[in-house]
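[1] how does the following fold in three dimensions:
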Amino acid sequence: MLDVKDLRLGFIAGRKTLAAVDGISFAIARGETFALLGESGCGKSVTAQGILRLLPAAGRVLGGSVHFADEELLALPEAAMRAWRGGRMAMIFQEPATSLNPVLTVGRQIGEVLERHRALTGEPARLRMLELLRQVGIADPERRLDEYPFQLSGGMKQRVMISIALAGEPELLIADEPTTALDVTVQAQILDLLVGLQAERGMGMLLITHDLGVVARMAHRIGVMYAGELVEVAGREDFFGAPRHPYTQALFAALPEVSRRGRKLVTIPGQVPSLAAMPAGCRFADRCPQVMAICREQSPDWRPVADGHQVRCHWQGTAAATAVAEPAAVAVEGDGAAFLKVAELKVHFPIRKGILQHTVGHVRAVDGVSLAIAPGRTLALVGESGCGKTTVGKALLQLIPPSAGSVVLAGSELVGLSGRRLRAARRQMQMVFQDPFASLNPRLRVGEIIAEGMAALGLATASAAQAAAVAALLQQVGLPAEAAERFPHEFSGGQRQRVAIARALAVQPQLLICDEPTSALDVSVQAQILNLLKTLQAELGVAYLFITHNFAVVEYLAHEVAVMYLGRIVEQGSAEEVLGAPLHPYTQALLSAVPVPRLGEGGQRIRLAGETPSPAKPPAGCHFHPRCPKATDLCRQTYPETTAASPTHRVACHWARLEARAVLIQM
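    Down below sits the predicted model:
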């Protein structure tokens, strides 16, 4: 269906044209998923943009061909191309916050596609919009249709983007990190939806992702991309069973797993070469553990290693000797006293209607959260998108005023503080936001962005000291010193996230609130960031509130885990207790939905019934009972009290309390 041959794409920089994609070829059949893997900046997203002819103003097609259904897309006039985009071909973009129109409602943006490509308007279009939102797991779709993107969480924006892409019923779907911002249950639901649509329509898919678990679940064939070139192409079984390129093997070695918890993650030294400084020979040579003299002189040709499995590499071994992971530095913890104590925190947003904007209800985004974090410890806050995790983080910083409750930081109450006293308190607590593009000022250079916090709090006021501090921070997060002179739009998504982390670290906080800090990062950069966070914790005793949906990261990094559902914590305990022996049915369902980056692994998935209820209309009794496979009449009537299963393990569940009591009786 799609045949890409020798595609070359580049960007104009001054008087030069730099090749970002340099002669890649692949094909996708109907009903097939071809996955593109590789580090941030390797050209994966540029490839997708080139196929749809959506390159930015400086982008150029330098050569090659793109055939879709026997039509040469690169030769079509722009007016004809518009009939293909959104209809026969659609794309899920990497950053929904920048792809959704901020001044149009969700319904209007989905309706544009239905009107243009499906000739649907009026009530039939609205019914189809509601159906699309339900398909991607958005609760209360009637209300969401009339809302704007800024009113949605990061995961909900991603689901709206998926709805827009599916609205035109495309024959080819290009999915650029389609599940990056989604929690595991919605991710599993979306992947099931895409698999179902493939079977029903024979839809082809180009999947761009850094999540090897998603690749194991979805892809039929995989292409590994590095510095604008494909370096390995294989079927799923060969790829996971016997990867041959040293770069592919290094990606597997960088995965965070519970077995690597006490050790540093293996990282790939160096960085992807810049477009202006591509090596003459193999582009991976400077980072390769198997490098030979010929690698620096001559670009390798393709060679077959099995049926349908090709590799572009001079080295002909089978298993690269990856670096041995060193033991991770152990954080020096204090006396166990909590640095941050949160008690019965509530954040309720009023729902206003009518000309006079009367309050007719409240969105209970956070509804009585209590937690504590000690110096040098990491508490992971997990749960589905929209459950209130990010709101908790912002409320701790007083970026959102709490409706009730207490936030005590280093012995000082933060609720009610303002002005100079609040700024002084924020010196000890910083946040890495979920969307790096939206949280970085597009008018400032990276060096200015990082130095801004230092200047505001009186740290490193001398320009020379400030420049040295910025360079050191950039090096810590794996960026070159010259990145300080560039603007955020000149970086890839993963690189922007590293800038956001450097900015948060600039004022040397004692507590870092990390809101999905590795969701936009490929596995090699993720390993660098996780090693960095562990090192900082060991050296400085920094505490982390780690908001994430990546359970592999939770297993590797977290000391304690709190599971959140619809504004409340339903289970909390040590990482070993919550992940190894979960008690709440919701926690069990989350863990069962985690995609495993290995073929043939993973247990039986627990499929939750229905959708996540809206926090504006939470169910009576236990909020989870409409979806719980173990719900009883008691669950429908009364919210469960928190029960201690051990001195450190607590759960709010009627069923879990009865199970724990039965175990005690048997003992």
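
[2] what's the neighbour count on the closest residue to residue 341 other than its chain neighbours?
    Distances taken as CB to CB, 6 or more residues apart in numbering put residue 408 closest to residue 341, at 4.4 Å, once the chain neighbours are dropped. Quick note: C-beta positions are derived from backbone N, CA and C, even for glycine. Using other CB atoms under 10 Å, residue 408 has 16 other residues around it.

[3] also residue 209?
    22.

[4] same thing with the one 10 residues further on?
    Neighbouring residues of residue 219 were enumerated by other CB under 10 Å; the total is 23.

[5] report the contact partners of it.
    33-35, 207, 236 (CB atoms under 8 Å, 6 or more residues apart in numbering).

[6] contacts for stretch 401-408?
    Contacts for stretch 401-408 (CB under 8 Å, 6+ apart): 340-348, 366, 368-369, 395-396, 398, 413-415.

[7] about what we covered before: show me the contacts of residue 219 that map onto strands.
    Using DSSP state E, 33-35, 207 are the members of the contacts of residue 219 that sit in strands.

[8] just the helices in the stretch 301-450 of the chain please.
    389-396, 419-426, 436-439, 446-456 (DSSP state H, counting those that start in this stretch).

[9] figure out which of those is closest to residue 563.
    helix 389-396 (10.2 Å; CB to CB).

[10] and the angle from whichever strand in the chain runs longest to helix 389-396?
    For the chain, the strand with the greatest residue count under DSSP E is strand 358-373. Inter-element angle recorded for strand 358-373 and helix 389-396: 80 degrees (by axes from the mean of the first three to the mean of the last three CA atoms, to 10 degrees).

[11] tell me what strand 358-373 is packed against?
    strand 340-353, strand 378-382, helix 389-396, strand 543-547, strand 560-565, strand 568-574 (3 or more CB pairs under 8 Å, 6 or more residues apart in numbering; DSSP states H and E).

[12] now distance to residue 17 and mean pLDDT too, for those, in JSON lines please.
    What follows is those, written out as JSON lines (distance: least, CB to CB, whole Å; pLDDT from 0 to 100):
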{"stretch": "strand 340-353", "distance to residue 17": "50", "mean pLDDT": "92"}
{"stretch": "strand 378-382", "distance to residue 17": "45", "mean pLDDT": "95"}
{"stretch": "helix 389-396", "distance to residue 17": "41", "mean pLDDT": "93"}
{"stretch": "strand 543-547", "distance to residue 17": "42", "mean pLDDT": "94"}
{"stretch": "strand 560-565", "distance to residue 17": "49", "mean pLDDT": "96"}
{"stretch": "strand 568-574", "distance to residue 17": "54", "mean pLDDT": "95"}
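
[13] take the ones you listed and write them to CSV, including mean neighbour count.
    Converted to CSV, those look like this (neighbours: other CB atoms under 10 Å):
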stretch, mean neighbour count
strand 340-353, 17
strand 378-382, 25
helix 389-396, 24
strand 543-547, 25
strand 560-565, 24
strand 568-574, 24
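
[14] reformat the ones you listed as JSON lines; add distance to residue 66.
    Formatted as JSON lines, the helices and strands packed on strand 358-373 follow (distance: least, CB to CB, whole Å):
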{"stretch": "strand 340-353", "distance to residue 66": "46"}
{"stretch": "strand 378-382", "distance to residue 66": "41"}
{"stretch": "helix 389-396", "distance to residue 66": "39"}
{"stretch": "strand 543-547", "distance to residue 66": "40"}
{"stretch": "strand 560-565", "distance to residue 66": "44"}
{"stretch": "strand 568-574", "distance to residue 66": "49"}
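
[15] indicate which one of those is closest to residue 57.
    Comparing these by CB to CB, helix 389-396 comes nearest, at 33.4 Å.

[16] between that closest one and strand 560-565, how big is the angle?
    Going by the same axes, to 10 degrees, helix 389-396 makes 110 degrees with strand 560-565.

[17] next one: helix 389-396 to chain centre, how far?
    When distances are taken as CA atoms, centre = their mean, to the nearest Å, helix 389-396 is centred 18 Å away from the chain's centroid.

[18] cool, stretch 107-114 as well?
    26 Å.

[19] which outside residues touch it?
    Counting by CB under 8 Å, 6+ apart, 86, 100-101, 120-121, 125-126, 128-129, 132-133, 145-146, 160, 163-164, 167-168 sit against stretch 107-114.

[20] out of those residues, which are inside helices?
    125-126, 128-129, 132-133, 160, 163-164, 167 (DSSP state H).

[21] quick one: those residues as a markdown table, columns for neighbour count and pLDDT too.
    Converted to a markdown table, the ones in helices among the contacts of stretch 107-114 look like this (neighbours: other CB atoms under 10 Å; pLDDT from 0 to 100):
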| residue | neighbour count | pLDDT |
| --- | --- | --- |
| 125 | 19 | 95 |
| 126 | 17 | 96 |
| 128 | 16 | 95 |
| 129 | 26 | 96 |
| 132 | 22 | 93 |
| 133 | 25 | 92 |
| 160 | 26 | 92 |
| 163 | 23 | 92 |
| 164 | 26 | 94 |
| 167 | 26 | 94 |
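
[22] let me know the closest of the residues you listed to residue 54.
    The closest of these, once distances to residue 54 are taken by CB to CB, is residue 164, at 14.5 Å.

[23] show me the contacts for the closest one.
    90, 109-110, 113.

[24] check residue 91 too.
    48, 52, 54, 85, 165, 173-176.

[25] that one should be in a strand, yeah?
    Yes: according to DSSP: H, G, I helix; E, B strand; the rest coil, residue 91 belongs to a strand.

[26] quick check, pLDDT for it.
    Looking at residue 91, its pLDDT stands at 93.

[27] which strand or helix spans residue 467?
    Following DSSP states H and E, one finds residue 467 within helix 463-476.

[28] pLDDT on that helix, on average?
    For helix 463-476, mean pLDDT is 88.

[29] assign the most centrally placed residue in the chain to helix, strand or coil.
    What sits nearest the mean C-alpha location of the chain, by CA atoms, centre = their mean, is residue 519, with 2.5 Å. For residue 519, the assignment made with three-state DSSP gives coil.

[30] in this structure it contacts residue 435, no?
    No: using CB atoms under 8 Å, residue 519 makes no contact with residue 435, being 9.5 Å away.

[31] restricted to strands, list the contacts of residue 164.
    residue 90.

[32] buried among the contacts of residue 164? Need that as a selection in ChimeraX.
    The ChimeraX command for the buried members of these (criterion: 16 or more other CB atoms under 10 Å) is given here:
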select :90,109,110,113
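
[33] and of the contacts of residue 164, the nearest to residue 307?
    Using CB to CB, the shortest approach to residue 307 within those belongs to residue 90, at 32.3 Å.

[34] my read: residue 66 touches residue 49, true?
    No: with contact defined as CB under 8 Å, residue 66 does not reach residue 49; the gap is 11.6 Å.
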